[in-house]
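>>> Everything below, folded, please.
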Amino acid sequence: MAERFSSGEAQYWPIYGSSPTSTNVSNGGPIASFVHQLRSHSPTSSQLFGYLALLISSGILLFLLGVSVTAAVLGFIVFLPLIVISSPIWIPVFVLVGGFLTVSGFLVGTVAVVSWTYRYFRGMHPVGSNQMDYARSRIYDTASHVKDYAREYGGYFHGRAKDAAPGA
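Numbers count the residues shown, from 1 in each chain. From the prediction side, this is the model:
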């Protein structure tokens, strides 16, 4: 592993693949080189505090998750008899409340769409109308390009079809 030079210093190959130099020997050999490389890759104090904060906050969140799951399971176990006894009341209530919320949501959505459409066609420029105009112009431009392309090359295909089947 060591080679001898005229000055009598041994040359060692560094641990992390940098070029071999005789300065590693003057710093204390391969162990000093390893320690230097280790220190250059070690985290700074602010990074250590960040890792510590990450570890602590992760532990706290994991503890809170465990407490929450445990409380939910125990609550479900304690209230299960009450839920089973009163289920003939709760099922129609959930169906009625769910149906009411669904219908209300669809009604609010419909009113919003009709209001936006009315303002758009009256020229009041509601929020998003410029994007709507841009999309409409892009669609129109694309359709006109496709139409021009079809006119230009459509005759070519029709002419080739006539040549291929002259009696048809």
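
>>> Residue 97 sits in which helix or strand?
Secondary structure assignment for residue 97, by DSSP states H and E: helix 87-121.

>>> From the chain's centroid, how far away is that helix?
With C-alpha atoms, centre = their mean, to the nearest Å as the basis, the distance from the averaged C-alpha position of helix 87-121 to the chain average is 31 Å.

>>> any idea which helix or strand comes after it?
Moving on from helix 87-121 towards the C-terminus, the next helix or strand you reach (DSSP H and E) is helix 129-164.

>>> what pLDDT, on average, does that next one get?
Confidence over helix 129-164, taken as the mean pLDDT, stands at 79.

>>> any idea of the angle that helix forms with helix 87-121?
Between the direction of helix 129-164 and that of helix 87-121, the angle (axes from the mean of the first three to the mean of the last three C-alpha atoms, to 10 degrees) works out to 80 degrees.

>>> hmm, back to that, for the helix holding residue 97, buried residues please.
The neighbour-count criterion (16 or more other C-beta atoms under 10 Å) identifies residue 116 as the buried residues of helix 87-121. All C-beta atoms are positioned from the backbone trio N, CA, C, and that covers glycine.

>>> now the chain, which segments are flagged as low pLDDT?
The chain contains residues with pLDDT under 70 at 1-28, 155-168.

>>> Alpha carbons of stretch 82-102, in CSV - could you do that?
What follows is stretch 82-102, C-alpha atoms only, in CSV (Å, rounded to 0.1, in the frame of the first residue of the first chain):
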residue,chain,number,x,y,z
LEU,A,82,-76.0,3.2,22.5
ILE,A,83,-75.4,3.3,18.8
VAL,A,84,-76.9,-0.1,18.2
ILE,A,85,-80.0,0.6,20.4
SER,A,86,-80.6,4.0,18.7
SER,A,87,-79.7,2.9,15.1
PRO,A,88,-83.4,2.9,14.0
ILE,A,89,-83.4,6.7,14.6
TRP,A,90,-79.9,7.5,13.3
ILE,A,91,-80.2,5.8,9.9
PRO,A,92,-83.2,7.9,8.7
VAL,A,93,-81.6,11.0,10.2
PHE,A,94,-78.3,10.3,8.2
VAL,A,95,-80.3,9.7,5.0
LEU,A,96,-82.4,12.8,5.4
VAL,A,97,-79.4,15.0,6.4
GLY,A,98,-77.2,13.6,3.6
GLY,A,99,-80.0,14.0,1.0
PHE,A,100,-80.6,17.6,2.2
LEU,A,101,-76.9,18.5,2.0
THR,A,102,-76.6,16.9,-1.4
